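>>> pasting a predicted model and its sequence here:
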Number of protein chains: 2
Amino acid sequence: MHNFTATYTDLYQINMAQVYFQQGKHEHQAVFDYFFRKLPFEGGYAVFSGLETLLEILEDFRFSKEDLDFLNAQGLDSKFLDYLKDFKFQGNIISSAEGDIVFPTRPVLQVEANMVEAQLVETILLNILNFQTLITTKASRIRKSAGDQMLIDFGMRRAQSSGAYHASRAAFIGGFEATSNVVAGKDFNIPISGTMAHSFVQSYDDELTAFRDFAQSHPDNSILLVDTYDTLKSGLPNAIKVGKEMKSRGEELKGIRLDSGDLSYLAKKCRKALDEAGLQDVKIAASNQLDEYVIRSLKEQQGPIDVFGVGTNLVIGDPDAALDGVYKLAFANDKPRIKLSENLAKLTLPHKKQVYRMRNSEGKLTGADAVTLREETNIAHMNHPFDASKSLRFNDCTEEALLHYVMKDGKRTEPPKRLQDIKAYSRKRLAEFTEEFQRFENPHLYKIGISDQLLEEREALRNHYKTQNA
Amino acid sequence: MHNFTATYTDLYQINMAQVYFQQGKHEHQAVFDYFFRKLPFEGGYAVFSGLETLLEILEDFRFSKEDLDFLNAQGLDSKFLDYLKDFKFQGNIISSAEGDIVFPTRPVLQVEANMVEAQLVETILLNILNFQTLITTKASRIRKSAGDQMLIDFGMRRAQSSGAYHASRAAFIGGFEATSNVVAGKDFNIPISGTMAHSFVQSYDDELTAFRDFAQSHPDNSILLVDTYDTLKSGLPNAIKVGKEMKSRGEELKGIRLDSGDLSYLAKKCRKALDEAGLQDVKIAASNQLDEYVIRSLKEQQGPIDVFGVGTNLVIGDPDAALDGVYKLAFANDKPRIKLSENLAKLTLPHKKQVYRMRNSEGKLTGADAVTLREETNIAHMNHPFDASKSLRFNDCTEEALLHYVMKDGKRTEPPKRLQDIKAYSRKRLAEFTEEFQRFENPHLYKIGISDQLLEEREALRNHYKTQNA
């Protein structure tokens, strides 16, 4: 659906790249870290997603003739624009697996490339990964609430313009079964699902005929919307009538949908009436401003709802609507690099790094990821990244390296992953985390430790710049 | 950048359209209203935008061969799919002008088309108009705070995926002067602006050389980012050094940018030091989690900031992140149509309608828009849409019709408008509203009245369906 050329970027990337080119720094190798500082939704974890989308875009991220003409008209250097004619991302991506559970401060992904490449892909990388990670995390929370009930993404109309497209992809990874979004279904092979709108019922002079016509057209797949005029007095009895008629023809009404009023109360009334009419297999779907909290509450009240349609709050990632992911230079031209800040938590971690998930001798998570220099091996002792008085010791632990090359010299190291496989992997990874980490309110805090050597490197650089400015 | 085919929709639109086709209802003419129920940001108004985007998409909204193959594989009726081969939107759009000030409950736009067309465009219409109206409204509020200071949209990296593209367009209409978003600049002819990132400074062994190289490459257009290591001890003195060097070469440093710390305090310190160094023309730009409230507060404290770069909070429309716009059937097959609801405020307004902005004999706004049946002429008396005890009388008023045909039979009635013209129009329209309507906290409430005839039509339909279900 998209055609992302290399002008899908912030102008400053191009302005900086021009300087690198003119100063002969464009071939300098750089390493950038992608990470975020704050977990979304006041939750205990985030689910990394968007990687396959990013890789697909990077494989063909170039400037078109029209792009270069535009940049020329903006007054950029013509020699530099000549150089951009052949621009193509030929760097490496070292990443967490898509769908893995990730935490603040630690690198989620690294880009190793020359300065120009690394800078020109920054904006699209942040744009794609920040959003999909946000939505997959939201979807994962809604999945948690919904238990085994079916979840359908209904959010397209309230999504932020074509953000709808990747929202549906991200929601599927996070645990949704289907989407109403046809183009996302087509391009990402997500099951699509559709019921009917109020307008359908309104367009008929009476509701019963509307239901009958729909059932005739969709004998295997009819979910009748029952609240256009009056749920209990009109929609439900008419749906039951049609459900029985279908049954007598050997067909089956798939479900009814509630879209207003008290969903728990109405679902109970509807379930009872459907059952009494011999329509035990007709499902009850519910929608209308749902999120993980409303679904939890509906389930607590044992509203017999089989399918939840979730729209706005899912696809915009309410209430955060943005993940604060950043892209920071850690290494350039053979030297580790740092950004200082008056705010200690905004200090960056220099150097090429690796991240390990630590498990005890029983294979259970210890509750911490460890960030080390890339080549380090001994990770028995770790420091709090921002509080010198705190440290962690790992005894008899196994370490799983979390960052792997997924792109080398601009080429994928393995074929694209199927969305279902990413989803299954994600589910498995989340299942390792105890309930406490998945709690919505004040969840247990997963720790990040940094190695002694990394701490030393950071402090040395910090002192270097402090002294320089003293 | 986009290629929106007609699968950019919710599946239920296609499912419903199939029934209309099979039942011979596909040629029935329908009128749908686009409206919203709640003003965003607890504000006093919204700025309608996205119309040109929508019209451009509708001019070429078709199913591709690939789309139809996909729908075929989903089990849709092959005769219906044959019919969709030639599908093209050939209806009418009757709309408020893009950039106009709009309010809840009243139609903002109407679609007149056959049932299939009207249904198949619903999702993209809502998706495009809801988002751009949200962002233009947000931008308008930020413009209000910023007064005459320059505003640049920096939000691309935190936008909801390719929502970034339309966010930049919408922000420009709402009052931003420029964007960092290169592709939006190119496609919408918005001025683009770019400074430098921390990574640029970090990639050098020292900040001064970084600044010098940048200034050399961008002699007309250098804004130096001064907070990578220490704003006052390092960034500012280095920027002053480079500013003076540029001055001695007959060039001019355009500005410095603050991106952390107390922006008001730092701006004052920087302004003083720049002035003392003879660099009075060097501008101070500030960024970092800005929105209308932070900017208002910075201006109250007289932080000498010339340029505000606004990112996340602008492009996601924080804190709402979605406008609740809906699309409701008002007329079909020669009859007015209604949707009932237990919640009176969710009752729809039936029939083909017009909306008037009422001005008194001095040409000043009366504080109300009037919704009437389309052909009505006498609009001296209006009723509260949901409270029978309240009414409005308009004496000696002039009425401006707000809804006009912008598309007839699938063709625009006039050529595309330039973005600058939409922006200028919007500014003029907003200027008619007194400060009280533009206040951020508890703004003055603009009223919506409905005519006696419209009220009668609504009540008659309401009683009809109530009686039917009694």
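Nice, I can see it.

>>> what pairs with residue A:92 across the strands?
residue A:112 (DSSP bridges).

>>> if I pick it, what's in contact with it?
A:111-113, A:405, A:407-409 (Cβ atoms under 8 Å, 6 or more residues apart in numbering or on different chains). Any C-beta I mention is one placed from the backbone N, CA and C, and that applies to glycine too.

>>> can you list contacts of the helix or strand where residue A:422 lies?
Using DSSP states H and E, residue A:422 falls within helix A:419-431. Counting by Cβ under 8 Å, 6+ apart, helix A:419-431 makes contact with A:45, A:47, A:49, A:52, A:97-101, A:136, A:140, A:169, A:172-175, A:188-190, A:438, all of which sit outside it.

>>> one more pass at 10 Å, please.
A:45, A:47-49, A:51-52, A:96-102, A:136, A:139-140, A:143-144, A:169, A:172-177, A:188-190, A:357, A:416-418, A:437-438 (Cβ atoms under 10 Å, 6 or more residues apart in numbering or on different chains).

>>> out of these, which are buried?
A:45, A:47-49, A:51-52, A:96-102, A:136, A:139-140, A:143-144, A:169, A:172-177, A:188, A:190, A:357, A:417, A:437-438 (16 or more other Cβ atoms under 10 Å in any protein chain shown).

>>> restricting to C-alpha, output the strand or helix carrying residue A:367 in CSV.
Element membership for residue A:367 (DSSP H and E) is strand A:365-373. Presented in CSV, the C-alpha positions along strand A:365-373 are these (Å, rounded to 0.1, in the frame of the first residue of the first chain):
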residue,chain,number,x,y,z
LEU,A,365,13.8,-15.8,34.4
THR,A,366,15.8,-14.0,37.1
GLY,A,367,13.9,-10.8,36.5
ALA,A,368,16.7,-8.9,34.7
ASP,A,369,18.3,-8.3,31.3
ALA,A,370,22.0,-7.5,31.3
VAL,A,371,23.6,-5.0,29.0
THR,A,372,27.3,-5.6,28.3
LEU,A,373,30.0,-4.6,25.8
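
>>> for it, which positions count as buried?
Using 16+ other Cβ under 10 Å as the test for burial, strand A:365-373 gives A:365-373.

>>> make JSON lines out of these and add distance to residue A:161 and pLDDT.
Shown next, in JSON lines, are the buried residues of strand A:365-373 (distance: Cβ to Cβ, whole Å; pLDDT from 0 to 100):
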{"residue": "A:365", "distance to residue A:161": "39", "pLDDT": "97"}
{"residue": "A:366", "distance to residue A:161": "43", "pLDDT": "95"}
{"residue": "A:367", "distance to residue A:161": "40", "pLDDT": "96"}
{"residue": "A:368", "distance to residue A:161": "39", "pLDDT": "96"}
{"residue": "A:369", "distance to residue A:161": "35", "pLDDT": "97"}
{"residue": "A:370", "distance to residue A:161": "40", "pLDDT": "97"}
{"residue": "A:371", "distance to residue A:161": "36", "pLDDT": "97"}
{"residue": "A:372", "distance to residue A:161": "41", "pLDDT": "97"}
{"residue": "A:373", "distance to residue A:161": "42", "pLDDT": "97"}
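
>>> I'd like the average pLDDT over the following helix or strand past the helix holding residue A:422.
As assigned by DSSP H and E, the chain's next helix or strand after helix A:419-431 is helix A:435-438. Averaged across helix A:435-438, pLDDT comes to 97.

>>> next one: stretch A:22-31
97.

>>> chain center to that stretch, what's the gap?
32 Å (Cα atoms, centre = their mean, to the nearest Å).

>>> how close does residue A:334 get to residue A:460?
Distance of residue A:334 to residue A:460, given as Cβ to Cβ, to the nearest Å: 16 Å.

>>> those two: which is more packed in?
Shown here are residue A:334 and residue A:460; by other Cβ atoms under 10 Å in any protein chain shown, residue A:460 has more neighbours (12 against 7).

>>> surely that one is within a strand?
No - Residue A:460: not assigned to a strand; according to DSSP: H, G, I helix; E, B strand; the rest coil it is helix.

>>> wait, what's in contact with it?
With Cβ under 10 Å, 6+ apart, residue A:460 has these contacts: A:336, A:338, A:350.

>>> hang on, the earlier thing: what sits up against the helix or strand that the strand holding residue A:367 is followed by?
Per DSSP H and E, strand A:365-373 leads on to strand A:381-383 as the next helix or strand towards the C-terminus. Residues from elsewhere that reach strand A:381-383 (Cβ under 10 Å, 6+ apart): A:356, A:358, A:368-372, A:389-394, A:447-452, A:454-456, A:458.

>>> also stretch A:359-368?
With Cβ under 10 Å, 6+ apart, stretch A:359-368 has contacts from A:101, A:103, A:356-358, A:382, A:392, A:394-400, A:432-434, A:436-437, A:444-449.

>>> among those, which ones are buried?
Using 16+ other Cβ under 10 Å, the buried members of these are A:101, A:103, A:356-358, A:382, A:392, A:394, A:397, A:399, A:433, A:437, A:446-449.

>>> closest to chain B among those residues?
Of all the buried ones among the contacts of stretch A:359-368, chain B sits closest to residue A:103, with 19.5 Å by Cβ to the nearest Cβ.

>>> these two touch, right, the closest one and residue A:40?
No - judged on Cβ atoms under 10 Å, residue A:103 makes no contact with residue A:40 at a distance of 11.7 Å.

>>> shared neighbours, these two?
residue A:46.

>>> circling back to that earlier point, tell me the strands beside the strand holding residue A:367, with direction?
strand A:353-359 (antiparallel), strand A:447-451 (parallel).

>>> now do it: distance to the chain's middle.
22 Å.

>>> what's the pLDDT at the residue in the stretch 151-300 of chain A that chain B sits nearest to?
The nearest approach of the stretch 151-300 of chain A to chain B comes at residue A:194, 3.0 Å away (Cβ to the nearest Cβ). Reported pLDDT at residue A:194 in the predicted model: 92.

>>> now do the helices in the stretch 101-250 of chain A.
A:115-120, A:122-146, A:163-174, A:182-188, A:198-202, A:207-217, A:236-248 (DSSP state H, counting those that start in this stretch).

>>> from chain B, how far off is the closest residue to residue A:48 other than its chain neighbours?
What sits nearest to residue A:48 in space, not counting adjacent residues and going by Cβ to Cβ, 6 or more residues apart in numbering or on different chains, is residue A:102, at 4.6 Å. According to Cβ to the nearest Cβ, to the nearest Å, residue A:102 and chain B sit 18 Å apart.

>>> residues in contact with residue A:102?
A:35-36, A:39, A:45-49, A:96, A:108-109, A:133, A:137, A:355, A:369, A:402, A:429, A:446.

>>> and it, what are its bridge partners?
residue A:46.

>>> picking that back up, count the residues that sit near the residue nearest to the residue of the stretch 151-300 of chain A closest to chain B when sequence neighbours are not counted.
Leaving aside its sequence neighbours, residue A:194 sits nearest to residue B:11 (Cβ to Cβ, 6+ apart; 3.0 Å). Residue B:11 is flanked by 25 other residues according to other Cβ under 10 Å.

>>> pick out the residue of the stretch 1-150 of chain A closest to chain B.
Closest point on the stretch 1-150 of chain A to chain B, by Cβ to the nearest Cβ, is residue A:11, at 3.0 Å.

>>> OK, contacts around that residue?
A:71, A:74, A:76, A:123, B:152, B:156, B:178-182, B:185, B:192-195, B:221.

>>> stretch A:131-140 near chain B anywhere?
Yes - applying Cβ under 10 Å from any Cβ of the partner chain, one finds stretch A:131-140 touching chain B at A:131-132, A:134-135.

>>> hmm, I was thinking of stretch A:226-237
Yes - Stretch A:226-237 is in contact with chain B by Cβ under 10 Å from any Cβ, via A:227-235, A:237.
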